[in-house]
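can't give you the sequence, but here's the structure:
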């Protein structure tokens, strides 16, 4: 399923900037950045739950906002892109 991760971390303090870096690091290890605080991830249910657990361990729910959108393939989805960003085709061949 396609997972859309969006976050807004309060960076007014040193600890907030640290949380922002840690949240971004978790997302970068899992998916591709499509905007500064938005990532797309192709995950199965177990990996989604692991990602959710990791992100919840990093944020401060009293100061930060985390949104996870699950878009299952069974319903179908369409992403319209405009501008210079080129998405990675996770289902295409892997070329090294």
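On my side now, so go ahead. Everything quoted here is computed from the prediction, not taken from an experiment.

give me the distance between residue 60 and residue 34.
As defined by CB to CB, to the nearest Å, residue 60 lies at a distance of 24 Å from residue 34. Every C-beta, even on glycine, is put in place using the N, C-alpha and C of the backbone.

sorry, slip of the keys, the one I care about is residue 73.
Taking CB to CB, one finds residue 73 at 18 Å from residue 34.

looking at the two, which is more packed in?
residue 34 (16 against 9; other CB atoms under 10 Å).

pretty sure the more buried one sits in a strand.
Yes. Residue 34 sits within a strand when classified using DSSP: H, G, I helix; E, B strand; the rest coil.

so what's it closest to, chain neighbours aside?
Sequence neighbours aside, residue 40 is the residue nearest to residue 34 in space, at 5.4 Å (criterion: CB to CB, 6 or more residues apart in numbering).

residue 59 now?
Per CB to CB, 6+ apart, closest to residue 59 is residue 66, 5.3 Å.

look up how far residue 10 lies from the one you found.
Following CB to CB, the distance that separates residue 66 from residue 10 is 12 Å.

thought residue 30 was touching residue 41, still the case?
Yes. Using CB atoms under 8 Å, residue 41 is in contact with residue 30, at 5.0 Å.

any residues in contact with both of the two?
5, 51 (CB atoms under 8 Å, 6 or more residues apart in numbering).
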